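1. fold the following.
(chains A and B)
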Amino acid sequence: MGDTPQRSAHAGTGGTPVATSHERPAGASARVAERSGNPGRPDGGLGGGGGLPRARAFGAERAFRGLTLAAGSTVLIVIAAIAIFLIAKAVPALRANTESFWTFEGWFPNDNPPKFGIGALAFGTVLSSLLALLVAVPVALGIALYLSHYAPRRLGNSLGFLIDLLAAVPSVVFGLWGRDYFAGPVADLSAWLNKYFGWIPIFGEGPYGSSILLGSVVLAIMVLPIVTSLSREVFRQTPTANEEAALALGATRWEMIRTAVLPYGRPGVIAAVMLGLGRALGETIALALTLGSTYAISFNILEAGGNSIAANIANRFGEANDTGRGALIASGLVLFAITLIVNITARAIIYRRREFTESAA
Amino acid sequence: MAKRVEAANVTAYYGGFKAIENINLTVEPKTVTALIGPSGCGKSTFLRSINRMHEVLPGARVEGNLTIDGQDVYDRDVDVTAVRRMIGMVFQRPNPFPTMSIFDNVVAGLRLNGVRRKSILEEAAEKALRSANLWDEVKDRLGKPGAGLSGGQQQRLCIARTIAVEPQVVLMDEPCSALDPISTLAIEDLMFQLKDKFTIIIVTHNMQQAARVSDRTAFFSIEKTGDPGRLIEYDNTQKIFSNPTQKKTEDYITGRFG
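-> Alright, predicted model coming up:
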């Protein structure tokens, strides 16, 4: 038979020049066909006589599948590599730690004996991110709905473009702006909030300055473009048929948005918010510049202070010795875990309403 | 529960394009009126002008006079949402709200009207679903997604949703064109029942359907592409299909054109 098992498999089933020309030059396959005699295949048409050709052992289909599989596994490999690296570096520092890693409020890993705790940092990270979302998401959804359903098309497109530009501003710029220009107004706002809403525990006494509030508002501005852009795309994809159905029932525009657009966009909006949260949790330099870099757990968001895991890494990496670096990496590991939990929660929320969202597609 | 629809010199535009011109037509209460004609002749545009859905599209506008029992639909002081509540609409493709259950779909219009009491909603949902001949098929799974039903069931769900708010007039824009013959038959049967209570205007490409379900038939046509659609002939369905006055109508009915 043929020169390779694969070729002969084709030839034996009466592969014709037409049928195999995708794979190799027509001449080559013709030669193979000739050699095997091509029995029972007088006309050689595409769907003509002969048996059904056997499935290909190897082809573009399989190659592509392999490629996508490889690409998919890369994610897993990278994640695993990061996790292994973090754990390997963190464990020695955690062993050397003489205080509780979870509850100690302070960061002295370079001392002898080393003392450091993640509690305040993790708390500050989650608090500042949640506050940022609390500020950013309603505004972002408002902008997204305006752009997708209220603004004239041309205005909507150009405004959308501007919002996307906002996403491209480097975070250090936001950080510097927050620290040097925005801190003043936020301090004034803090004093005002304390004066009139001081009975709410989170609006406590000063001194005002680089506070969780300042960091959160700067974060909010940074998160805004992501949430806006994605939500706008989702809202735009609402089927016209559903919008018209609501309008034809006598809905006003806002009622139409509530009945047709928001429910349809819900999973997409959740995904957008989670991406925003991911950015907020991992944001480094802007928070390093706008938070007070203290190591205490406090719900008073106005008081100068606050810290986050990523900001702490940026602030303390330069001065860190071996144990110091290990401690920072251990904190990175905790951030990794927090992000993972957030993402799993988001998936769970989307998954819970799968029955409805899948039929929406 | 059913009202007379009168159109006088109705002309509708999409931006600079005139889609229909000077349509004059009166639809009697509790009848089924079919609008037929070749594609692009403006029958859907006219239908959407009646409940002011035409103006939803950017740049679209309507001129002329359209009244429901003498009330001008396009009066400046008239609330457009009230018009659409009075004149319900069923679309070409079944369009239940994908995120809502069957029950929520049926009562969506009532909820928009501010009805909150569960007992009222349940009663209205059952009534509407029974009227739409869908109750027996869905009564055990009202909490399931409306989009999980078959195409024909979805369309009847949309009809139930439309009639749940008890409109005066029901507009149907090729309601069966996406359905199989059995579902189509179910919907045609439904139209017979519904005309006891509602004035029904239906756009259809299917002339047998027009002949089967309608009392009166309006034939729309265009001279050539780009021209506005005009009403060529409007008469009793039997007359239109057996002995039309206009040559164009006869050509269309007999399949020589369009």
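2. correct me, but B:Asp72 touches B:Gly64?
-> No. With contact defined as C-beta atoms under 8 Å, B:Asp72 does not count as touching B:Gly64 (10.6 Å). (C-beta placed from N, C-alpha, C; glycine too.)
3. out of these two, which sits in the more crowded spot?
-> The residue with more neighbours, out of B:Asp72 and B:Gly64, is B:Gly64; 17 against 14, by other C-beta atoms under 10 Å in any protein chain shown.
4. help me confirm that that one is found in a strand?
-> Yes. The assignment for B:Gly64 is a strand, going by DSSP: H, G, I helix; E, B strand; the rest coil.
5. my guess is it contacts B:Lys18, does it?
-> No. Counting by C-beta under 8 Å, B:Gly64 stays clear of B:Lys18, with 11.9 Å between them.
6. what touches both of these two?
-> Common neighbours of B:Gly64 and B:Lys18 are listed as B:Thr11 (criterion: C-beta atoms under 8 Å, 6 or more residues apart in numbering or on different chains).
7. dump the residue contacts of residue 198.
-> Going with chain A. A:Gly204, A:Glu205.
8. actually, chain B is the one I wanted.
-> Counting by C-beta under 8 Å, 6+ apart, B:Phe198 has contacts B:Met1, B:Ala2, B:Lys30, B:Ile163, B:Pro167, B:Gln168, B:Val169, B:Val170.
9. recalculate using a threshold of 10 Å.
-> Taking C-beta atoms under 10 Å, 6 or more residues apart in numbering or on different chains, we find B:Phe198 in contact with B:1-3, B:29-32, B:87-88, B:131, B:162-163, B:166-170, B:191.
10. report pLDDT for it.
-> We have a pLDDT of 90 for B:Phe198.
11. hang on, isn't A:Ala260 packed against A:Glu243?
-> Yes. Here A:Ala260 reaches A:Glu243: they are 5.1 Å apart, a contact under C-beta atoms under 10 Å.
12. higher neighbour count, these two?
-> A:Ala260 (28 against 21).
13. distance of that one relative to A:Ile200?
-> 37 Å (C-beta to C-beta, to the nearest Å).
14. over to B:Leu47?
-> Applying C-beta to C-beta to B:Leu47 and A:Ile200 gives a distance of 56 Å.
15. more neighbours, these two?
-> Counted by other C-beta under 10 Å, B:Leu47 and A:Ile200 do not tie: B:Leu47 has more neighbours, with 21 against 11.
16. what helices or strands is the helix or strand hosting that one leaning on?
-> Using DSSP states H and E, the element containing B:Leu47 is helix B:43-50. Helix B:43-50 sits against strand B:5-14, strand B:17-27, strand B:32-36, strand B:60-68, strand B:87-90, strand B:169-173, strand B:199-203, strand B:216-221, with contacts defined as 3 or more C-beta pairs under 10 Å, 6 or more residues apart in numbering or on different chains; DSSP states H and E.
17. chain A next: which of the contacts of B:Phe198 are close?
-> B:Ile87, B:Gly88, B:Thr162, B:Pro167 (C-beta under 10 Å from any C-beta of the partner chain).
18. hmm, the third one is touching B:Met89, no?
-> Just to be clear, that refers to B:Thr162. Yes. Using C-beta under 10 Å, B:Thr162 is in contact with B:Met89, at 6.6 Å.
19. please identify every residue contacting each of the two.
-> A:Ala245, A:Ala248, A:Leu249, B:Val170, B:Leu171, B:Met172.
20. was I right to think the second one contacts B:His54?
-> No. With contacts defined as C-beta under 10 Å, A:Ala248 does not count as touching B:His54, sitting 11.6 Å away.
21. joint contacts of these two?
-> Common neighbours of A:Ala248 and B:His54 (C-beta under 10 Å, 6+ apart) are B:Arg48.
22. what backbone torsions are found at A:Ile79?
-> phi -60, psi -50 (degrees, to the nearest 10).
23. my read: B:Ile23 touches B:Gly37, true?
-> No. Using C-beta under 10 Å, B:Ile23 is not in contact with B:Gly37, being 11.6 Å away.
24. touching both of these two, which residues are there?
-> Going by C-beta under 10 Å, 6+ apart, residues that sit against B:Ile23 and also against B:Gly37 are B:Lys43, B:Phe46, B:Ala218, B:Phe220, B:Gly229, B:Arg230, B:Leu231.
25. of those, just the buried ones, ChimeraX syntax please.
-> ChimeraX command restricting the shared contacts of B:Ile23 and B:Gly37 to the buried ones, with burial defined by 16 or more other C-beta atoms under 10 Å in any protein chain shown:
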select /B:43,46,218,220,229,230,231
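26. distance to A:Leu213 added to the shared contacts of B:Ile23 and B:Gly37, as JSON lines?
-> Formatted as JSON lines, the shared contacts of B:Ile23 and B:Gly37 follow (distance: C-beta to C-beta, whole Å):
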{"residue": "B:Lys43", "distance to A:Leu213": "61"}
{"residue": "B:Phe46", "distance to A:Leu213": "59"}
{"residue": "B:Ala218", "distance to A:Leu213": "66"}
{"residue": "B:Phe220", "distance to A:Leu213": "64"}
{"residue": "B:Gly229", "distance to A:Leu213": "62"}
{"residue": "B:Arg230", "distance to A:Leu213": "67"}
{"residue": "B:Leu231", "distance to A:Leu213": "67"}
